[in-house]
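1. missing the sequence, but the structure's below:
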């Protein structure tokens, strides 16, 4: 039993060695149909082929080194920028690698049609690589010429990159006999299926392209969308990102942005804001106006042109209400709540220093026994105040519009 097992193991290893023997003979150009293995002649052929390949690779390396030397030597004379120099070096390196591969394929047992297809595919791949490498610079120049923003530039770069990659792969695969028409038709059917499954994503994508093309707002603008207000920090193909005053990033789908009312606060060179200031009824309105304008003049970030203004908006129950209008640059919009708070505080302090009273709502209670005559009682009852009764007296609530003396 043990002897039979040993014979099987020996036969197994003999089969492995025979397969390795045959594979090595095939690798050096032999044929299994030959009656005997002529290792000497096959070895000579292999050595000859190896020497030819080495000579071809050395020639190609010398040519690559020569053209690289010329490029570095005359880059200043021809005013070649670093980016163009990088593209030229990449192209030469690509040509060198492809030439080495084709040289090796031509010396070994590779079908000539495969070598030809590889050469054509390499040429097409090189052309599309040059297009991809130079498209970014061309798009930047075109957009700069027409004054379009950076978001559209990134969109066009992504679209052109995808198109170049798709057409490049199609051209390369066509050289090896692939049916590109059937492949494109299959991708189209797959695209329809994906489109039905991701309708919201496609809607956001189309809305993102519309936003970028219309340029109703751009990155850096301060906008208001519904209940969200903040600075636009990113416009992608699917969402728009807004950074609020609380340092919170709000991500809004582009379909929502496209269908909502958007207020762009920084679309112009300056923006107007207003606050309300109230002074006592007996105050001098002109004096109060001058005090308010002086505070505006001394406040940073408020523009001198257009001029700020302080006018009487209306007269309320407790004083004269001024509406104060002022203009700021787009950079100050993010700090507007703090600016308004600081203005209210500064105006209040200045009015108090100028002996101008600032009224506040208050009430005075009148007791019936304090009224001497029936006529005076009737006059107080006719006034629009709240009346209450008690067991021994009738209290009267009267609004007092007069502010306390300073």
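-> Arrived safely. All values reported here derive from a predicted model rather than from experimental measurement.
2. got the contact list for residue 67?
-> By C-beta atoms under 8 Å, 6 or more residues apart in numbering, the contact list for residue 67 reads residue 92. All C-beta atoms are positioned from the backbone trio N, CA, C, and that covers glycine.
3. so what pLDDT did it get?
-> On the pLDDT scale, residue 67 is placed at 90.
4. List the buried residues in the one helix or strand it maps to.
-> Take DSSP states H and E as the rule and residue 67 turns out to sit in helix 39-73. Buried residues in helix 39-73, counting neighbours by 16 or more other C-beta atoms under 10 Å, are found at 42, 46, 49, 53, 56, 60, 64.
5. now for those, which pair is the farthest apart?
-> Spatial extent of those (C-beta to C-beta) is set by the pair 42 and 64 at 32.5 Å.
6. Am I right that residue 110 sits in a helix?
-> No. Using DSSP: H, G, I helix; E, B strand; the rest coil, the assignment for residue 110 is coil, not a helix.
7. can you tell me how far it sits from residue 286?
-> Distance of residue 110 to residue 286, given as C-beta to C-beta, to the nearest Å: 99 Å.
8. got the contact list for the nearest residue to residue 135 once chain neighbours are set aside?
-> Nearest residue to residue 135, sequence neighbours excluded (C-beta to C-beta, 6 or more residues apart in numbering): residue 160, at 4.8 Å. Residue 160 makes contact with 132, 135, 139, according to C-beta under 8 Å, 6+ apart.
9. Count the residues that sit near residue 271.
-> Residue 271 has 18 neighbours, counted by other C-beta atoms under 10 Å.
10. can I assume it is in contact with residue 327?
-> Yes. At 6.8 Å, residue 271 counts as touching residue 327 under the criterion of C-beta atoms under 8 Å.
11. Wait, residue 330 touches residue 269, no?
-> Yes. Using C-beta under 8 Å, residue 330 is in contact with residue 269, at 7.5 Å.
12. Between these two, point out the one with more neighbours.
-> Under the criterion of other C-beta under 10 Å, the comparison of residue 330 against residue 269 puts residue 330 first, with 18 against 9.
13. Let me see the confidence value for that one.
-> Residue 330 carries a pLDDT value of 90.
14. mind showing which ranges of the stretch 301-406 of the chain have poor pLDDT?
-> Across the stretch 301-406 of the chain, the ranges flagged by pLDDT under 70 are 364, 366-406.
15. Okay, helices next: where are they in it?
-> Taking DSSP state H, counting those that start in this stretch as the criterion, the stretch 301-406 of the chain carries its helices at 336-353, 374-382.
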